[in-house]
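Asks: here's a sequence, model it:
(4 chains)
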Protein chains: 4
Amino acid sequence: MSQRNKIDLNSDVGESFGIYKVGLDEEVIPLISSVNIACGFHAGGPAMMKRAISLAKENGVGVGAHPGFPDLIGFGRRNMDVTLDEVKEDVTYQVGALQAFAFVQGLRLQHVKPHGALYNMAVQNAEVWDAIAEALAGLDRDLILVVLAGPNRSKLEAIATRHSIRIAFEFFADRAYNPDGSLVSRREAGAVLHNSEDVAERVVKMVIQGVVAAKDESKIRLEADTICVHGDNPEAVAMVKNIRESLIDSGIEVVPMGTFL
Amino acid sequence: MSQRNKIDLNSDVGESFGIYKVGLDEEVIPLISSVNIACGFHAGGPAMMKRAISLAKENGVGVGAHPGFPDLIGFGRRNMDVTLDEVKEDVTYQVGALQAFAFVQGLRLQHVKPHGALYNMAVQNAEVWDAIAEALAGLDRDLILVVLAGPNRSKLEAIATRHSIRIAFEFFADRAYNPDGSLVSRREAGAVLHNSEDVAERVVKMVIQGVVAAKDESKIRLEADTICVHGDNPEAVAMVKNIRESLIDSGIEVVPMGTFL
Amino acid sequence: MSQRNKIDLNSDVGESFGIYKVGLDEEVIPLISSVNIACGFHAGGPAMMKRAISLAKENGVGVGAHPGFPDLIGFGRRNMDVTLDEVKEDVTYQVGALQAFAFVQGLRLQHVKPHGALYNMAVQNAEVWDAIAEALAGLDRDLILVVLAGPNRSKLEAIATRHSIRIAFEFFADRAYNPDGSLVSRREAGAVLHNSEDVAERVVKMVIQGVVAAKDESKIRLEADTICVHGDNPEAVAMVKNIRESLIDSGIEVVPMGTFL
Amino acid sequence: MSQRNKIDLNSDVGESFGIYKVGLDEEVIPLISSVNIACGFHAGGPAMMKRAISLAKENGVGVGAHPGFPDLIGFGRRNMDVTLDEVKEDVTYQVGALQAFAFVQGLRLQHVKPHGALYNMAVQNAEVWDAIAEALAGLDRDLILVVLAGPNRSKLEAIATRHSIRIAFEFFADRAYNPDGSLVSRREAGAVLHNSEDVAERVVKMVIQGVVAAKDESKIRLEADTICVHGDNPEAVAMVKNIRESLIDSGIEVVPMGTFL
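Replies: The predicted structure is shown next:
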């Protein structure tokens, strides 16, 4: 596929809870173009959602919901054997709550990206993507669903078409890929990349050439609209800065996914 | 105020939780004109909200949110020393979640009535009403806030005016009143009326004459737009039926508050 | 194994939550010999635990903990991808909390039976039984772990031996069995038996002959120490009554598992 | 009262939750003599309790439970209008759960100190202290209840006598006191002291002379058995180090309250 000149950078934010603080939201948001805001089931909550929306508004980034499983102590990272109806209902509830906070501040949600185990279960079972897409279609057909770029591209595009919503394919900046385009499991060594320079370089290459080096050095064709980055700690933020600058230096604009999808 | 020929009957619904069932929603909803749907903090939840919206739609009643304190095990009945910001945020979250379920089914919320301890704290401290009103004004100026009819009428009207929202004054069909127009505390004997005939009669009298007999038999002037009834058990439903029929027999229409406020 | 003249009947109790009532605890407890008390993660809670212990004490039944997944809205029925450490910790926490309520009333726990999805996951993966057994061994080596009677008998006995605890094999009175001794999945037709007479008859046969008719009418050898019954509704209680009377009529004593294991 | 040569230093620990980390437990525990471990209602949880018990064991400090209100998002800091029965039940549950983790590691609880709003409500209303004392007496008469040193000394001693438990009077190292011996509300300026040297000095003075300077510089007689310190951040830990060293330099031993009460 042809070279692209625009890309979105997304990061999870608003994941603090009560007195518990996580994430350098104030530092990472100015560096990215879209935020995924936790909605109270796996993290976050009313006060945190309000604040995250404020920060997003100040920085002019695209605002998205980051719904997860109702598992606070497990941070939504544990697979739960939920029904597809429960997926739809839980997503509707969480996205609806965030829509309210966005509306109060004059914003409208741009996208939805499921969190943690919900995302992983969708990657394993496209029926979960379908359920989420159906929930989004019911709420706002302008909502973009963020999905994993990789092997199931056509199946995911079919889901989007069926529900008349847009999807954004996502690339994980710091995750190793298998030759089939899937993510290397976090349980394997080398699943997460730590070298900021290397990460920035592969991101630029992916954006410009649509190519990523897999774990075995084979080349994978991979096209993505948005790149997942992190703001958990100073090193993560430094990595985002590096990615952003490398993209801009290569003539690529970092802009919210909603502006070009 | 002059005699009125329209009144709303409201009842709390959607208060089941997971496998736990409470309330004869299917039986009481056809008898009333507005429902207050629990939003997951003190009771209810995504599946229950979806189902309550369905039932409300089938029966053509006005749909309202019934936000409460985040206290499932206490059913939102325990006062919590929350801040006014927390009130606003928790109400925004819960109403937003319900707005989403209503929207999916083609409905729009008519009103908001706080639940249990949140309602009681508002009755004790008008700043809480003000915070809730502010939350509603941010979400949808067509939302009606249900408040207790009684001593603070002008103060409550001022709050509504300040936030450019409507309020509905509420009368409790089965609760005894003090001579000052406040509710007799549930801790006192005789706080709750159980005779269905008497209850129906006083409701009709209140609607037509704007007068209620207080606990000491003194007469209180009390004008209300909506009457709170219950669907917890067969006796409660029978009482609602009696109230409804007595109203209709007296030439009073039972219609959603949003149609006449 | 030879004919037995003693058996235990166990039922889940204390599964109410806040205002939500489930289970006819008062009616079923006098008919059985051991209770499994919910511990607040999937159902129950401090007040319910205290009350269930009281009821158990009044009726002289064996008291057990019924720990489950931290999933109130799902009633602990949804598999969760927890670690074995989490299993041990969650079981320790819940059993410890119930031990406290038992101690206050002068009782000591007899057994532990995991609830719902936790039980099912243990049946699928013996490492979960092992983790639960390890938790019990740390707390009180006199605690009996209730496990599913069936195909893995020797493996389960090895776990008990390794941790120096006792196990009780459990038979489900109203569940159909596969020819290999496993339970017919609830998703299949005929998984749950409803005819009270038939159920009582097969229970007696299982106890006296150690034989159960599988779904396909083949005979399975199955020895159990305790029989799971239910007190959810009047029909269930009537079934328990029938089972109890049939056992007694056949010369079998219904006594807490701790008295004969 | 005469000069004392032993004092306890207590700090809240184990208040992390899931992925959320708070408190420098590893750093503060070696400096103190007793820990108050959160029990999962306002903070903490099974994994955190197990870890806190381990750390306490390694450092040979006295282990206590720190039960709070069931209000995770509010960190147990919001007053809740609970009944005295609920206080007893919630304390029994939480202390029981922690007793289990202690038992598994060969330890026994030394004390119980209620958290946040529960502590504050007890200070306002001695019936809450009484309910907590009753819960402790039911579980283990060797448990020490930590209460606020100050105006109600004889009333608190009567509660302890009535329930045959011991109490430890607590002094807050970094909190300003009113002339009547009560704490200056956190809403007032100057409620919290930040100068590490001054704090250490007043602690030593309180221990040796039984005297504290109130906010208005008047002298209050105040005898305490244990001093509340904090491990939230590096400055807090430095303050604890200072307090500890000043005490030792003054010939005072820092030892668990259970060794001298």
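Asks: show me the residue of the stretch 151-261 of chain A that gets nearest to chain B, please.
Replies: Closest residue of the stretch 151-261 of chain A to chain B, CB to the nearest CB: A:H163 (12.8 Å). Every C-beta, even on glycine, is put in place using the N, C-alpha and C of the backbone.
Asks: pretty sure that residue contacts A:L139?
Replies: No - using CB atoms under 8 Å, A:H163 makes no contact with A:L139, being 11.1 Å away.
Asks: get me the contact residues on the stretch 1-150 of chain A for chain D.
Replies: A:17-22, A:45, A:72-75 (CB under 8 Å from any CB of the partner chain).
Asks: quick check on the residues you listed: which are buried?
Replies: A:17-20, A:22, A:45, A:72-75 (16 or more other CB atoms under 10 Å in any protein chain shown).
Asks: how many residues are close by A:Q124?
Replies: Residues lying near A:Q124 (other CB atoms under 10 Å in any protein chain shown) number 11.
Asks: what of A:F260?
Replies: 14.
Asks: now it: how far from A:V212?
Replies: According to CB to CB, to the nearest Å, A:F260 and A:V212 sit 20 Å apart.
Asks: can you narrow the residues of the stretch 1-150 of chain A next to chain D to ones near chain C?
Replies: Answer for the residues of the stretch 1-150 of chain A next to chain D near chain C (CB under 8 Å from any CB): A:73-74.
Asks: and of the residues of the stretch 1-150 of chain A next to chain D, the nearest to C:Q124?
Replies: Each of the residues of the stretch 1-150 of chain A next to chain D was scored against C:Q124 by CB to CB, and A:G74 proved nearest at 19.9 Å.
Asks: pretty sure that closest one contacts D:F17?
Replies: No - contact criterion CB under 8 Å: A:G74 and D:F17 do not qualify, at 10.8 Å.
Asks: can you give me the strands for the stretch 51-200 of chain A?
Replies: For the stretch 51-200 of chain A, applying DSSP state E, counting those that start in this stretch gives strands covering A:62-66, A:111-112, A:144-148, A:166-172.
Asks: just these: most buried one?
Replies: strand A:62-66 (a mean of 29; mean count of other CB atoms under 10 Å in any protein chain shown).
Asks: can I get it in CSV, CA atoms only?
Replies: Coordinates of each C-alpha in strand A:62-66 appear next as CSV, following Å, rounded to 0.1, in the frame of the first residue of the first chain:
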residue,chain,number,x,y,z
GLY,A,62,-9.2,13.0,20.0
VAL,A,63,-11.2,11.6,22.9
GLY,A,64,-12.0,7.9,23.2
ALA,A,65,-13.6,5.5,25.6
HIS,A,66,-11.5,2.6,27.0
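Asks: ok, how many other residues are close to A:R141?
Replies: The burial count for A:R141: 11, using other CB under 10 Å.
Asks: burial check on the residue nearest to A:I32 when sequence neighbours are not counted, number of neighbours?
Replies: With sequence-adjacent residues excluded and distances taken as CB to CB, 6 or more residues apart in numbering or on different chains, A:I32 is closest to A:L9, at 4.1 Å. As a burial measure, A:L9 scores 25 neighbours (other CB under 10 Å).
Asks: partner strands of whichever strand or helix holds A:L9 and their direction?
Replies: Element membership for A:L9, per DSSP states H and E: strand A:6-13. In the sheet, strand A:6-13 lines up against strand A:34-38 (parallel), strand A:226-229 (parallel), strand A:253-254 (parallel) (DSSP bridges).
Asks: can you add mean pLDDT and mean neighbour count and give those strands back as JSON lines?
Replies: Listed next are the strands paired with strand A:6-13 as JSON lines, based on pLDDT from 0 to 100; neighbours: other CB atoms under 10 Å in any protein chain shown:
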{"stretch": "strand A:34-38", "mean pLDDT": "98", "mean neighbour count": "29"}
{"stretch": "strand A:226-229", "mean pLDDT": "98", "mean neighbour count": "26"}
{"stretch": "strand A:253-254", "mean pLDDT": "98", "mean neighbour count": "16"}
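Asks: any idea how far the residue of the stretch 151-261 of chain A closest to chain B is from B:D198?
Replies: According to CB to CB, A:H163 and B:D198 sit 54 Å apart.
Asks: next one: A:F75
Replies: The value you get for A:F75 to B:D198, if CB to CB is used, is 54 Å.
Asks: A:K57 now?
Replies: Separation of A:K57 from B:D198 (CB to CB): 55 Å.
Asks: repeat that for A:G76.
Replies: Distance, A:G76 to B:D198, using CB to CB: 52 Å.
Asks: mind listing what A:Q110 touches?
Replies: Applying CB atoms under 8 Å, 6 or more residues apart in numbering or on different chains, we find A:Q110 in contact with A:34, A:62-64, A:143-144, A:256-258.
Asks: so is stretch A:86-105 next to chain B?
Replies: Yes - for stretch A:86-105, a contact with chain B is found by CB under 8 Å from any CB, at A:86, A:89-90, A:92-101, A:103-104.
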